[in-house]
Each structure stands twice: as C-alpha cells, then as structure tokens.
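> Below: sequence and its predicted model.
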Amino acid sequence: MILATTAIALLIAMMMTLIRAILGPSIFDRVLAVNAFGTKIVLFLGVIGFLTERPDFLDIALLYALINFITTLAILRFFESGVLISHEDKEAE
C-alpha cells in the first residue's frame with residue numbers, strides 16, 4: 001500500500017516537472033526540469049520493479065540514469081557553446 005502511494009506521488013511530481021519544462025522561462029530551467037523528470041523516472045522504475053517483484057527493473061533504471069546524466073551534460077554544453085565538440089576536443093583526440 002505504501003509503495004503504491006509512493007508511485008502515485010511520483011506520478012504527480014512527474015506531471016509537475018513536465019509543467020515546469022513546458023512553462024520554464026529560460027532554456028536552463030527547461031533542461032533542469034527534464035533532468036528532474038528523468039530522475040523521477042528512475043525512482044518510478046525502482047518502485048515498479050519492487051512492486052512487481054522484478055529486480056531487473058533496477059538494471060534498466062541504472063542505465064536510464066546514466067543516459068539521463070550524459071544527455072543533460074551534452075544539452076547544456078550545446079546551449080552554452082553552440083557545438084557539442086569543440087576544436088580543442090578534436091585536436092586532443
């Protein structure tokens with residue numbers, strides 16, 4: 001019962017972060033809201049995996065967390081400089 005309530009609370013929080021992502025005054029607010037939404041998805045996957053007694057959901061949640069983190073860094077770098085890979089990074093390779 002408590003985990004079902006937690007899942008419902010996470011869904012409500014996810015809806016609130018989607019509203020923030022749509023209405024955000026700046027692009028950085030929107031990126032932060034999308035990152036928070038991804039974090040809530042990771043938590044939701046963990047709760048659903050526990051409710052359904054499928055521990056393999058935790059592996060999916062960890063993979064999604066890693067992808068969410070890397071994507072957020074890439075998007076912020078793109079909006080900061082306008083390119084994903086700078087000339088200095090290409091020369092270092």
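Yep, it's here.

> Would you map the helices across this structure?
For the chain, helices defined by DSSP state H occupy the ranges 2-23, 27-51, 56-81, 87-92.

> Would you mind finding the most buried of those?
Among the helices of the chain, helix 27-51 has the highest mean neighbour count (mean count of other CB atoms under 10 Å), at a mean of 17. (Each C-beta comes from the backbone N, C-alpha and C, glycine too.)

> what angle do that one and helix 56-81 make?
180 degrees (axes from the mean of the first three to the mean of the last three CA atoms, to 10 degrees).

> Where does pLDDT dip in the protein?
For the chain, the stretches with pLDDT under 70 are 84, 86-93.

> Distance check, the spatially most central residue of it against Phe69.
Centroid-nearest residue in the chain, with CA atoms, centre = their mean: Gly38, separated by 2.0 Å. Separation of Gly38 from Phe69 (CB to CB, to the nearest Å) stands at 8 Å.

> same deal with Val31?
12 Å.

> quick one: contacts for Pro55?
By CB atoms under 8 Å, 6 or more residues apart in numbering, Pro55 lies in contact with Gly49.

> which other residues reach stretch 6-19?
33-34, 36-37, 40-41, 43-44, 47-48, 51.

> and that stretch, how far from the chain's centre?
Computed by CA atoms, centre = their mean, to the nearest Å, the chain-centroid distance of stretch 6-19 equals 13 Å.

> got it, and stretch 15-26?
14 Å.

> With just CA atoms, put it into CSV.
Provided in CSV are the C-alpha atoms of stretch 15-26 (Å, rounded to 0.1, in the frame of the first residue of the first chain):
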residue,chain,number,x,y,z
MET,A,15,3.4,15.9,-14.0
MET,A,16,4.6,19.0,-12.1
THR,A,17,8.0,18.8,-13.6
LEU,A,18,6.5,18.4,-17.1
ILE,A,19,4.6,21.6,-16.5
ARG,A,20,7.8,23.3,-15.4
ALA,A,21,9.5,22.0,-18.5
ILE,A,22,6.8,23.4,-20.7
LEU,A,23,6.4,26.8,-18.9
GLY,A,24,10.0,27.4,-17.9
PRO,A,25,11.1,31.0,-18.5
SER,A,26,14.6,30.0,-19.7
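
> Many thanks, we can stop here.
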